[in-house]
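Undergrad: Fold the following, please.
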Amino acid sequence: MSVQNLLVELFVEELPPKALKKLGESFASLIAQSLKGQGLVAEGAALTSFATPRRLAVHIEGVTARAADKALRVKLMPVAVGLDAAGQPTAALLKKLAAAGLGADAPLERAPDGKAEALYANTVQAGASLQQGLQAALLDMLKALPIPKVMSYQLADGWTNVNFVRPVHGLVALHGAEVVPVELLGLQAGRSTQGHRFEATQPRVELAHADDYARQLCEQGAVVASFAERRELIRSQLEVAGAKLGLKPIQDEALLDEVCALVERPNVLSCQFEQEFLAVPQECLILTMKANQKYFPLLDAHGRLTRHFLVVSNIQPQDASAIVQGNERVVRPRLADAKFFFDQDRKRTLESRVSGLAKVVYHGQLGSQGERAERVRAIAHAIVNQLREATVPYTVEAKDQFDVLDAKVQQAARLAKTDLLTDMVGEFPELQGVMGGYYARHEGLKDGVAIAIEDHYKPRFAGDALPRNHTGTVLALADKLETLVGLFGIKQLPTGDKDPFALRRHALGVMRILVEKNLPLSLPALVDAALGAFPEDMLTHAEAREDLLHFAYERMTGALREQGYSSQEVDAVVALRPPRWGEIPKRLAAVRAFAALPESAALAAANKRVGNILKKSEDAPVALQAALLREPAEQHLGAALGEVEPVATRLFDSGEYAASLRELARLREPVDAFFDGVMVNAEDAQLRANRLALLRQLHLAMNRVADLSRLAQ
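TA: Below you'll find the predicted structure:
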């Protein structure tokens, strides 16, 4: 059989840039997987995907012209149905044989199928030809390609309508140097494609061989077909162009992907705008250049925006001055708009906008942004009080500090949402919070309040920075808790991969603030404070509290595993649902240290055994009576527990979790001896209850830091 490399290309009208990378990868993988499933491609065959604004393509190595035949054992039907009393085939069996492509004289085999004796036939399934297999693969791809929005268009016959992401104008299918005669979307496969709209050396590129695709497109078509290669080419050109000016282009992987999806022959050019625009906050200028123009702003060594920016052109003329001047002319009104918004917004104070929040709907069931701001204020006040209560010893100086913090938090909470009413945020919603901070500083508000307003949405995404000061930390916690409790309270929960209100992100934000700031706050108490900020009749979901806590601990579990902790370590700690999340890293470190001790495996197994015994025992606790410890092994365990438990408890209470578990490791020998020499379920009810009390005390002592039974293999 002929084994050659295969190339398939769809030549299309301009594809949506934000979807191109995923479309290219899916196009390649779907075709390859279908061919592998049909036996036309080996499982480890190399695969190369190509994607440009006007084409999707894949190159697959080692594709055979015909798949190998397969020996099949076909189950037909039960013997009782397929054969009559004389052992002759019934009409039902003959019909089944015909459907399987077998004659009445086909050799049959009788074998049990688990329920009764059944008839089987051995046959050979002819392997698919490449034409058949590729045709099926293309149709499979068409059904499964993740098209963001399907477009319906008419074929050349003027009657037939087909659906695809964009109209398709060419299909290439080459097996080595031979065309595979398949068709798709009204097109017959060939070897001809098109290069760059303006810079190709010839109108059409006739592909000689599947392996020549990338080279011929580059040399004759002036197209860099590989998305990955084109992306790296743009990145290197950006770095070189920036270095010539002593500057660095802004790092934005999503923008790089989008720009890569807009060009087939990248050419980076340097442009600049007027110095006066730098008076506008750089976040505004950067956002308008990236979002509206797809430009790469240039930053100086201190991360400050400069008047220079980079453009990725799709052509490479000898004189690029017209392109440079055109882009400089286009960006000017965008920056002028940003400057106008900034100047206009500063004519009104944030305080003057507070009343306007009552007219902005937050959610149909949760009221206005004004009501939301008041709830955030109430939650923030409760958080300050919880911090106040957790401060020991509580001095006059501490009282003054918390009073000042509360005043700052209340002011920041009152003003935090007012920038939603500004022109700048109306144009660029991504700048909410950021612009509030700028306008607060312009009004002369204390820097702590301005920073809190700016930071109260943080962390906005995975890896984002946390709020920079105490005021911002409290406000960010209050804002996220208000969102979580409110939406859980009206049963707007995330489902599957759908999370329209980003509740998973909010929960992880709460987790990061509590853990990384090591705050002495209880999550259940925080949720209760947030629930208390809502009117009783607003939240309709009675189980909102428990559902939210369950959701939060699940998010915590997933996040900790992603950070490199083992499932056993995480499960051991989270199983206890520790209320103070700031302590969780210390607990995890203690569990990891305990697991490394030679005694850990035996104690974990014993702890699991104790837990199982106690689950089956009476619920009513019984006080341990030393006089009823009759057997030497239980006396030894009781004495060891009396010696170890107070020390372990003292260490636990002082936050020395690793030391507390090390102390408990001393119990291995007496615990092992107890289970070897003592019958827990003694016939004497008094003895049995006392032994269960001993185990209950042991279980309580061993599971303060974590549920050690989760470490058992």
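Undergrad: Residue ranges in this structure under the pLDDT threshold?
TA: Counting by pLDDT under 70, the ranges of the chain that qualify are 1, 71-72, 124-125, 392-398, 618-622, 713.
Undergrad: Scan it for its longest helix.
TA: In terms of residue count, the longest helix belonging to the chain (DSSP state H) is helix 321-345.
Undergrad: List of residues touching the host helix or strand of residue 152?
TA: Take DSSP states H and E as the rule and residue 152 turns out to sit in strand 151-154. Contact with strand 151-154 is made by 160, 161, 162, 163, 164, 165, 166, 167, as judged by Cβ atoms under 8 Å, 6 or more residues apart in numbering. In short, each C-beta sits where N, CA and C put it, glycine included.
Undergrad: buried subset of those residues?
TA: For those, a burial check counting by 16 or more other Cβ atoms under 10 Å picks out 162, 164, 165, 166.
Undergrad: quick one: contacts for the second one?
TA: To tie it back to what came earlier, the one meant is residue 164. Contact analysis of residue 164 by Cβ under 8 Å, 6+ apart lists 12, 142, 147, 150, 151, 153, 185.
Undergrad: my guess is residue 597 contacts residue 664, does it?
TA: No - contact criterion Cβ atoms under 8 Å: residue 597 and residue 664 do not qualify, at 9.9 Å.
Undergrad: Give me the more crowded residue out of the two.
TA: residue 664 (29 against 14; other Cβ atoms under 10 Å).
Undergrad: contacting residues around the more buried one?
TA: So residue 664 contacts 603, 644, 648, 701, 702 (Cβ under 8 Å, 6+ apart).
Undergrad: Relative to its centre, which residue of this structure is most distant?
TA: residue 86 (65.0 Å; Cα atoms, centre = their mean).
Undergrad: Quick check: that one vs residue 106, distance?
TA: According to Cβ to Cβ, to the nearest Å, residue 86 and residue 106 sit 19 Å apart.
Undergrad: related to what we said a few turns ago, most neighbours among the contacts of residue 664, which one?
TA: residue 702 (28 neighbours).
Undergrad: Name the nearest of the buried ones among the contacts of strand 151-154 relative to residue 35.
TA: Using Cβ to Cβ, residue 164 comes nearest to residue 35 of the buried ones among the contacts of strand 151-154, at 20.7 Å.
Undergrad: still on that earlier bit, of the contacts of residue 664, just say which sits nearest to residue 35.
TA: Of the contacts of residue 664, the one sitting nearest to residue 35 (Cβ to Cβ) turns out to be residue 603, at 54.2 Å.
Undergrad: Might you calculate how far whichever strand or helix holds residue 32 sits from the centre of the chain?
TA: Assigned by DSSP H and E, residue 32 belongs to helix 17-37. How far helix 17-37 lies from its chain's middle: 21 Å, per Cα atoms, centre = their mean, to the nearest Å.
Undergrad: Other residues contacting it?
TA: Helix 17-37 is touched from outside by 6, 8, 10, 15, 41-43, 45, 47-53, 56-58, 60, 63, 133-134, 136-138, 140-141, 144-148, 165, 227, 257-262, with contacts defined as Cβ under 8 Å, 6+ apart.
Undergrad: Name only those of the residues you listed that count as buried.
TA: Buried residues within those, defined by neighbour count using 16+ other Cβ under 10 Å: 6, 8, 10, 15, 41, 45, 47-53, 56-58, 60, 63, 133-134, 136-138, 140-141, 145, 147, 165, 227, 257-262.
Undergrad: What ranges does the stretch 251-400 of the chain have for its strands?
TA: 267-272, 296-299, 305-313, 361-363, 367-368 (DSSP state E, counting those that start in this stretch).
Undergrad: For residue 500, which of those strands is the nearest?
TA: So among the strands of the stretch 251-400 of the chain, strand 361-363 is nearest, using Cβ to Cβ, at 11.3 Å.
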